[in-house]
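A.B. asks: model this:
(chains A, B, C and D)
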Protein chains: 2
Amino acid sequence: MSVTIKDIAKEANVSYSTVSKALNSSPLVKEVTKQKILRVAKEMGYEPNLAAKQLVRKKTEVVGLIWPTIERIVLATLVTNISKAFASTRYSMILSVDSTETAMESFKKFQVDGMIVFAESENMVPEENIPLVAYGVSGKSEVTYPIIDANHEQAMDTAVQYLYDLGHRNIAYVGLMNTDDALQNEKVEGYQKVIQKMGLTELNIATNGLDWFDGYLAVDDVLHLDKRPTAIIGSSYDISSGILRALQEKGFGVPDDISLISYDNIPQMETTEIPMTCIGVPVDELAEEIVQTIIERIESEEKNVIKKLNPSLTERESAGPVPEEDVTSS
Amino acid sequence: MSVTIKDIAKEANVSYSTVSKALNSSPLVKEVTKQKILRVAKEMGYEPNLAAKQLVRKKTEVVGLIWPTIERIVLATLVTNISKAFASTRYSMILSVDSTETAMESFKKFQVDGMIVFAESENMVPEENIPLVAYGVSGKSEVTYPIIDANHEQAMDTAVQYLYDLGHRNIAYVGLMNTDDALQNEKVEGYQKVIQKMGLTELNIATNGLDWFDGYLAVDDVLHLDKRPTAIIGSSYDISSGILRALQEKGFGVPDDISLISYDNIPQMETTEIPMTCIGVPVDELAEEIVQTIIERIESEEKNVIKKLNPSLTERESAGPVPEEDVTSS
DNA sequence: TTGTACGCGTTATCAT
DNA sequence: ATGATAACGCGTACAA
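C.D. replies: Numbering: from 1, shown residues only, chains lettered A, B, ... in the order given. Next up, the predicted model:
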């Protein structure tokens, strides 16, 4: 049997309503009694009963995160960071790996105060009355909930500009193309747009998939281009890791012979064989924004905005000045 | 404001205690009234209030699953399957990706009825009073909770025997070795044990890690063995996928030139470039066992057993008879 | 500043 | 077979 506020009240010689106030740091209780109560509570190992609290307050201070595609690891880091971000709020997070529909039903039972979904799960019908924010591609024109998304176009702009400033003129993009994956498409289009804007030549290398090995294989195609690029932009952490490995194996120094910038801005970029310079919204910022947005939505009618977050470029070792011999040829 | 049993009671002209009984299909209520109440409840869109139920019953019928190493994808399939397995029980599952310690604290707040942990998280201190089962290596001699584990030794025995019966005499094992990863060690030792038992020669190929690429690279070593093996056992799905790819690239047919059996028994084995024959406890069985065990532990003092689950071999296409030319040479 | 009393939505124990 | 009512642990308006 666990200890309740009544037990504390008895022990501290006050009424249990005073205990309740003290525990909620109400200003209506004298500092000394408050301290005493807090001390007694700790001594007795008091744990508030969430169910009781919820019953009277109609709030759980829990938000549910729905992540149905658990087997695609890309989002794992984001999930971890979101979980961490909640730690410094008074909300807790629970995670479901069920289908969006099932998860929503389950969360509704739990009476979560809000939900976060990843927009991969298309055409989802938000549970009425439960605040929702989505992370992902902001395809839809009309939304009934806030959407957090990264500005992929600007990311590509920044990356290409950065490489340009280092002297690169032949900049390839390696990633998934011509699919209906809106996220990937935004990246490709961003790349193409800036390349055209700057009067350079598009060097598109399409991969077969999004895995490490797809990047690894793509290097063959890269090296068979008419103009061998001096720099490559990889469309994701996995792809770029594969590219990096293949370049090494084929005897190309990174960044001495070829520079590499990866999309995605996650800490793991630091620990690849050569620490990778990368472009993207830092995953901790992303997490923070998502968490803040859902909380605001819960507490104060945040509007149905689409927030495009600005990427930042993190300099590491995989991108450097264009090699001497290539400067002339460009 | 959501509808409560009192609302239903008013609407159905009964007392709310009768409604409660009807909703819990108590035998103490006439069939007709029960049907009426159920109908009214549905009409009004009644959803039971978990918090209230929990407050009086002291049970949440929720179990928490702790998965701190979310970024290692190996367990993703298991997690998904556990989640599915809970669907057919009256329990719900919530997932935490926090550290074991944090997660336990959080689950304690939620007052989950039980917890499942993956034993990777060593020296964990079980929350007193909350039933716990662990999945993973049963290293410890003294346990205070049930442990579910796969019988790795028997798995290797079965795999080697299977290959032996197909005529193979040179059977290599590719996997992580000489680390303190008890799980990996059990596999290696199981392999070595059966090889010795059968009077064959150990062909140990150590990888640098557990990733796809580690398997891919290991094939070089395999092919440089004095006795080129006619069959390989890969220690995991990722490793084996890498092996498979490398063999293909180097022009070895699978299984025509070299047979391959992978440890792990997950559906994904079906969809590799060549569907892989594999050995291991089928992941759905594993999930089912874990779920059953925690529920029994919650409901009826299941003992602190260590359950070693029997692996099974799933035949697909990657393992076949030893090639003719090798039969003589062995 | 502290205490009393009520209600949150259920289940469970009595009466009826 | 059904209804009244007391918990469950907590927050809070109101009284003291």
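A.B. asks: and the residue of the stretch 151-300 of chain A found nearest DNA strand C, what does it touch?
C.D. replies: The stretch 151-300 of chain A approaches DNA strand C most closely through A:Ile298 (19.2 Å), counting by CB to the nearest atom of the strand. Just so you know, the C-beta spots here come from the backbone N, C-alpha and C atoms, and that holds for glycine as well. For A:Ile298, the contacting residues are A:63, A:113-114, A:131, by CB atoms under 8 Å, 6 or more residues apart in numbering or on different chains.
A.B. asks: and A:Pro311, what does it touch?
C.D. replies: A:Pro311 neighbours (CB under 8 Å, 6+ apart): A:150-152, A:154-155, A:158, A:265, A:279-281.
A.B. asks: Can you give me every residue that contacts the residue of the stretch 151-300 of chain A found nearest chain B?
C.D. replies: Relative to chain B, the nearest point of the stretch 151-300 of chain A is A:Trp212 (6.4 Å; CB to the nearest CB). Applying CB under 8 Å, 6+ apart to A:Trp212 gives the contacts A:238-239, A:241-242, B:212-213.
A.B. asks: got it, and A:Met156?
C.D. replies: A:Met156 touches A:173, A:187, A:190-191, A:193-194, A:233, A:279, counting by CB under 8 Å, 6+ apart.
A.B. asks: Just the buried ones from these?
C.D. replies: Among these, the ones that count as buried by 16 or more other CB atoms under 10 Å in any protein chain shown are A:173, A:187, A:190-191, A:194, A:233, A:279.
A.B. asks: Redo the residues you listed as a markdown table? Include distance to DNA strand D and secondary structure.
C.D. replies: Shown next, in a markdown table, are the buried ones among the contacts of A:Met156 (distance: CB to the nearest atom of the strand, whole Å; DSSP: H, G, I helix; E, B strand; the rest coil):
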| residue | distance to DNA strand D | secondary structure |
| --- | --- | --- |
| A:Tyr173 | 54 | strand |
| A:Lys187 | 47 | helix |
| A:Gly190 | 48 | helix |
| A:Tyr191 | 53 | helix |
| A:Val194 | 53 | helix |
| A:Ile233 | 52 | strand |
| A:Ile279 | 46 | strand |
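A.B. asks: Please name the bridge partners of the closest residue in space to A:Phe86 that isn't next to it in sequence.
C.D. replies: Nearest non-adjacent residue to A:Phe86, counting by CB to CB, 6 or more residues apart in numbering or on different chains: A:Met93, 4.4 Å away. A:Met93 forms beta bridges with A:Val63, as assigned by DSSP bridges.
A.B. asks: A:Met93 contacts A:Val62, doesn't it?
C.D. replies: Yes. A:Met93 is in contact with A:Val62 according to CB atoms under 8 Å; the separation is 7.2 Å.
A.B. asks: Between the two, which is the more surrounded one?
C.D. replies: Shown here are A:Met93 and A:Val62; by other CB atoms under 10 Å in any protein chain shown, A:Met93 has more neighbours (26 against 22).
A.B. asks: per-residue confidence for that one?
C.D. replies: In this model, A:Met93 is scored at 95, pLDDT.
A.B. asks: ok, it - contacts?
C.D. replies: Residues in contact with A:Met93 (CB under 8 Å, 6+ apart) are A:62-65, A:82-83, A:86.
A.B. asks: can you do 10 Å?
C.D. replies: Neighbouring residues of A:Met93 by CB atoms under 10 Å, 6 or more residues apart in numbering or on different chains: A:62-65, A:79, A:82-87, A:112, A:114, A:116, A:291, A:294, B:94, B:96-98, B:106.
A.B. asks: Now, those that are in strands?
C.D. replies: A:62-65, A:114, A:116, B:94, B:96 (DSSP state E).
A.B. asks: In TSV, list the residues you listed along with distance to B:Ser20.
C.D. replies: As requested, those are exported to TSV (distance: CB to CB, whole Å):
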residue	distance to B:Ser20
A:Val62	26
A:Val63	30
A:Gly64	28
A:Leu65	33
A:Gly114	30
A:Ile116	34
B:Ile94	26
B:Ser96	33
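A.B. asks: between the residues you listed, which is closest to A:Leu166?
C.D. replies: A:Ile116 (38.0 Å; CB to CB).
A.B. asks: Check whether that closest one really touches A:Leu75, as I assumed.
C.D. replies: No. Contact between A:Ile116 and A:Leu75 fails when scored by CB atoms under 10 Å: they sit 11.3 Å apart.
A.B. asks: what touches both of the two?
C.D. replies: Joint contacts of A:Ile116 and A:Leu75 (CB under 10 Å, 6+ apart) are A:67, A:82, A:135.
A.B. asks: Mind telling me what element the closest residue to the last one other than its chain neighbours is part of?
C.D. replies: In space, A:Tyr135 comes closest to A:Ile148 once its chain neighbours are excluded; the distance is 4.9 Å by CB to CB, 6+ apart. Assigning secondary structure by DSSP states H and E places A:Ile148 in strand A:147-150.
A.B. asks: low-confidence ranges in chain A?
C.D. replies: A:1, A:71-73, A:120-124, A:138-142, A:325-330 (pLDDT under 70).
A.B. asks: what are the ranges of the strands in chain A?
C.D. replies: For chain A, the strands defined by DSSP E occupy A:62-66, A:92-96, A:114-118, A:132-135, A:147-150, A:171-176, A:203-207, A:231-234, A:259-265, A:277-282, A:306-309, A:312-314.
A.B. asks: Which of those strands has the highest mean neighbour count?
C.D. replies: Each of the strands of chain A was scored by mean neighbour count; the highest is strand A:231-234, a mean of 29, by mean count of other CB atoms under 10 Å in any protein chain shown.
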